[in-house]
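quick one: sequence and predicted model below, then my questions.
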2 protein chains.
Amino acid sequence: MTTPVRTALQETTLRSATREVVIGHDRPFCLIGERINPTGRRIFQDQLRAGDLSAIERDVAAQVAGGADVLDVNMGVPLTDEADLLARAITLVQSLTDLPICIDSSVVEALEAGLATYQGRALVNSITAEDDRMAAILPLVKKYDAAVIALPNDADEIPMDADKRLELVGKIVEVATKEYGIALADIVIDPLAMPIGADTSVVQTTLETIRRIRDTYGLNMTCGASNVSFGMPGRHTIGAAYLPMAMTAGLTSAIMDARTPEIVEAVKAADLLLGHDEWGGSWIAAHRAKQATLQESGAT
Amino acid sequence: MTTPVRTALQETTLRSATREVVIGHDRPFCLIGERINPTGRRIFQDQLRAGDLSAIERDVAAQVAGGADVLDVNMGVPLTDEADLLARAITLVQSLTDLPICIDSSVVEALEAGLATYQGRALVNSITAEDDRMAAILPLVKKYDAAVIALPNDADEIPMDADKRLELVGKIVEVATKEYGIALADIVIDPLAMPIGADTSVVQTTLETIRRIRDTYGLNMTCGASNVSFGMPGRHTIGAAYLPMAMTAGLTSAIMDARTPEIVEAVKAADLLLGHDEWGGSWIAAHRAKQATLQESGAT
């Protein structure tokens, strides 16, 4: 594009035992399926607390069927041994699918247990620009040869302007590369997508942040795609517009529920339009598969 | 945003006898309803040839109901007096709606007849960078105090790279402003949206062209939104991703069929996300209206 890119565009390589997924600016968008997470799911929490992980099977199958490229696994259940639970969940998920995993926890011990168990090259979710988070987690990222999601906020605040976010990205890059020897390619920034319902300028800030991170650092980026529409009606329509817009600015990945075809299809259309689907082959194949399914079910 | 804007962002004012519509970079996207056009519609052509304009009524009602802000009116029927037909169609449309009109013809005499008849401030569709087209049409644009859509192509070719398109935009701006006294605000550029099915790099070129036109000239832009998906399956999904992407780059208007809710809703979501829908008021009101309609029809 026209904006001068001051650095090379990075590629982040993730792996399971048998499969490689590369996140990059010239590649199809990476869908990180987000549903393997008990947050806000009371029954699932009770099952996990009782040692019953069987619901994970259904969630994995649904995310895979929806087109996830990577699976986010979070086992944040209050009053459990999260490290043990996360390690068991990761082993289970790896027995069910060959998709790489994004190991998601706010608990350092759980991240370490997950990384120790995981077969492959994981994505760690997440650090912030806070010194103690970086000091606790970046050595694990290095030790286990993983990649890491980093949020440009610190203990004080979530910065509402792009300048401050860029400043914190600069700090993260400096510390991660120089102090811990992490490659630029293995730092995936979350540019912070806030709810549009709270303030209608937040997406402009996020889009500006995305453009500047790409142009300044060439880093890959991901975000929690559903945050943007939080509290608004028509959430799927908002999500289906937001991701193509963010992809146009330079977002290369999102943590999202792959069970929402409206949003997944919007991402695939944006891949096509950005020239990331050679000859439109994937788009046309997906349409044919959909037509075949409709015909089988007698809907056409 | 971050890109340095070298000139003021322009606002294009259109009017019917009683209603004003302003196209601008900080405003909701302008939907130019495109269906009042007999191209490819055999029955409609036969009716028009026989002097029967009644089908226009239904088309106007459908575009207005779908949310059009402006109506494109084209009466290109072979073997008719297009000037007379277009003038009559414009009079009829103005009796049916107060939306401003985009007067659409490749025939200079028809444009003049349309402009002479039209009550208000029209948008003329269109000129190219060809000297003879500009010499024939720009004096009419000036005489009737209209705005004009300009395509950056010349007699030789439709340029496939952004540099050449920008060069032709520069020529159009130079000629229109200096030789014919047209204001920058009254030049609306069509950045040329080509079918993605022919070449998967064409949208990247269009997005780059849009960004550079906004940053260099601050002009408003419009495009035929359905061209991009021509020949591909899943056209509405492609259109619903394309317009938010193009709006992110700086497109401020599109000529489109307002009867496609999937695409219209994507545009409204992008307006919300770009901060062009204060407090999300329009988005929320539209959702409530839709819910009310569903409830009335017993669908919920």
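Looks like it arrived, so ask away. Residues are numbered from 1 along each chain as shown, chains lettered A, B, ... in the order given.

elements contacting the helix or strand where A:Ile137 lies?
In this assignment (DSSP states H and E), A:Ile137 forms part of helix A:131-143. Applying 3 or more C-beta pairs under 8 Å, 6 or more residues apart in numbering or on different chains; DSSP states H and E, we find helix A:131-143 packed against helix A:108-117, strand A:123-128, strand A:147-151. For glycine as for every other residue, the C-beta is placed from the backbone atoms N, C-alpha and C.

give me the contact list for it.
Residues outside helix A:131-143 that contact it (C-beta atoms under 8 Å, 6 or more residues apart in numbering or on different chains) are A:108, A:111-112, A:115, A:124, A:127-128, A:146-148, A:172, A:175-176, A:179-182, A:186.

can you tell me the element the residue most central in space within chain A falls in?
Computing the C-alpha centroid of chain A and ranking residues by C-alpha atoms, centre = their mean puts A:Ile255 first, at 3.5 Å. If you go by DSSP H and E, A:Ile255 is part of strand A:253-256.

now do the contacts for the residue lying closest to A:Ile263 once chain neighbours are set aside.
Spatial nearest neighbour of A:Ile263, excluding adjacent residues (C-beta to C-beta, 6 or more residues apart in numbering or on different chains): A:Gly239 at 4.5 Å. Shown in contact with A:Gly239 (C-beta under 8 Å, 6+ apart): A:225-226, A:228-229, A:256, A:260, A:262-263, A:266.

let's see which of the residues you listed end up in helices.
Counting by DSSP state H, those place A:262-263, A:266 in helices.

nearest to chain B among these?
Set against chain B, the nearest of these by C-beta to the nearest C-beta is A:Ala266 (5.0 Å).

list the contacts of the nearest residue to that closest one once chain neighbours are set aside.
Leaving aside its sequence neighbours, A:Ala266 sits nearest to A:Ala240 (C-beta to C-beta, 6+ apart; 3.8 Å). Listed by C-beta under 8 Å, 6+ apart, the contact partners of A:Ala240 are A:262-263, A:265-266, B:240-241, B:266, B:269.

return the residues in contact with the residue nearest to the centre of chain A.
Per C-beta under 8 Å, 6+ apart, neighbours of A:Ile255: A:32, A:34, A:72, A:102, A:125, A:222-225.

make CSV out of these and add distance to chain B.
Converted to CSV, the contacts of A:Ile255 look like this (distance: C-beta to the nearest C-beta, whole Å):
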residue, distance to chain B
A:Ile32, 19
A:Glu34, 20
A:Asp72, 24
A:Cys102, 25
A:Asn125, 24
A:Thr222, 18
A:Cys223, 13
A:Gly224, 15
A:Ala225, 12
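
and A:Gln63, how many residues sit next to it?
Per other C-beta atoms under 10 Å in any protein chain shown, the neighbour tally for A:Gln63 reads 27.

assign the closest residue to chain B within the stretch 51-200 of chain A to helix, strand or coil.
Residue nearest to chain B within the stretch 51-200 of chain A (C-beta to the nearest C-beta): A:Thr200, separated by 4.6 Å. Put simply, A:Thr200 is coil when judged by DSSP: H, G, I helix; E, B strand; the rest coil.

verify the stated contact: it with B:Trp279.
Yes - between A:Thr200 and B:Trp279 there is a contact at 6.7 Å, judged by C-beta atoms under 8 Å.

and the two? Which one has more around it.
Using other C-beta under 10 Å, the more surrounded residue of A:Thr200 and B:Trp279 is A:Thr200, with 20 against 11.

enumerate the residues of the stretch 51-200 of chain A near chain B.
A:162, A:196-197, A:200 (C-beta under 8 Å from any C-beta of the partner chain).

out of the residues you listed, which two are the most distant from each other?
A:Ala162 and A:Gly197 (20.3 Å; C-beta to C-beta).

what sits against A:Asp186?
Applying C-beta under 8 Å, 6+ apart, the residues near A:Asp186 are A:12, A:141, A:146-148.

want to throw the residues you listed into JSON lines with neighbour count and pLDDT?
Formatted as JSON lines, the contacts of A:Asp186 follow (neighbours: other C-beta atoms under 10 Å in any protein chain shown; pLDDT from 0 to 100):
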{"residue": "A:Thr12", "neighbour count": "25", "pLDDT": "98"}
{"residue": "A:Val141", "neighbour count": "25", "pLDDT": "98"}
{"residue": "A:Ala146", "neighbour count": "23", "pLDDT": "98"}
{"residue": "A:Ala147", "neighbour count": "22", "pLDDT": "98"}
{"residue": "A:Val148", "neighbour count": "27", "pLDDT": "98"}
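
out of those residues, what pair is the most spread apart?
Distances among the contacts of A:Asp186 were taken as C-beta to C-beta; the most separated pair is A:Thr12 and A:Val141, at 12.1 Å.

overlap of the contact sets of these two?
Contacts common to A:Thr12 and A:Val141, judged by C-beta under 8 Å, 6+ apart, are A:147, A:186.

just the helices in chain A please.
Here chain A has its helices, by DSSP H, at A:42-49, A:55-66, A:82-96, A:108-117, A:131-143, A:162-174, A:202-217, A:235-249, A:261-273, A:281-296.

in the lowest-mean-pLDDT helix or strand in chain A, what's buried?
Within chain A, no helix or strand scores below helix A:281-296, which has a mean of 91 by mean pLDDT, DSSP states H and E. Of all the residues in helix A:281-296, those buried under the rule 16 or more other C-beta atoms under 10 Å in any protein chain shown are A:283-284, A:286-287.

can you list those in a markdown table and add distance to chain B?
As requested, the buried residues of helix A:281-296 are exported to a markdown table (distance: C-beta to the nearest C-beta, whole Å):
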| residue | distance to chain B |
| --- | --- |
| A:Trp283 | 7 |
| A:Ile284 | 6 |
| A:Ala286 | 8 |
| A:His287 | 4 |
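
A:Arg235: which of these is nearest?
Checking the buried residues of helix A:281-296 one by one against A:Arg235 (C-beta to C-beta), the nearest turns out to be A:Ala286, at 22.9 Å.

contacts only, for the closest one.
Neighbouring residues of A:Ala286 by C-beta under 8 Å, 6+ apart: A:Lys268.

before we move on, what about A:Lys268?
A:67, A:277, A:282-283, A:286.

low-confidence stretches in the stretch 201-300 of chain A?
Filtered on pLDDT under 70, the stretch 201-300 of chain A yields the residue ranges A:299-300.

for it, what lies in contact range of chain B?
A:201, A:203-204, A:207-208, A:211-212, A:228, A:232-234, A:237-238, A:240-242, A:244-245, A:247-249, A:265-266, A:269-270, A:272-275, A:277-280, A:283-284, A:287-288, A:291.

check the separation of the first and last residues in stretch A:91-105.
16 Å (C-alpha to C-alpha, to the nearest Å).

distance from the chain centre to that stretch, please.
Stretch A:91-105 sits 14 Å away from the centroid of its parent chain (C-alpha atoms, centre = their mean, to the nearest Å).

and the pLDDT for the nearest residue to A:Val73 once chain neighbours are set aside?
Spatial nearest neighbour of A:Val73, chain neighbours left out: A:Ile36 (4.8 Å); criterion: C-beta to C-beta, 6+ apart. Listed pLDDT for A:Ile36 reads 95.

so what's A:Ile36 up against?
Taking C-beta under 8 Å, 6+ apart, one finds A:56, A:59-60, A:63, A:71-74, A:89, A:93 in contact with A:Ile36.

redo that, cut-off 6 Å
If a contact means C-beta atoms under 6 Å, 6 or more residues apart in numbering or on different chains, then A:Ile36 has A:56, A:59, A:71, A:73 as its contacts.

distance of it from A:Ala89?
Distance of A:Ile36 to A:Ala89, computed by C-beta to C-beta, to the nearest Å: 7 Å.

which neighbours do these two have in common?
With C-beta under 6 Å, 6+ apart, A:Ile36 and A:Ala89 have common neighbours A:Val73.

was I right about A:Lys171 contacting A:Ala129?
Yes - counting by C-beta atoms under 6 Å, A:Lys171 touches A:Ala129, with 5.2 Å between them.
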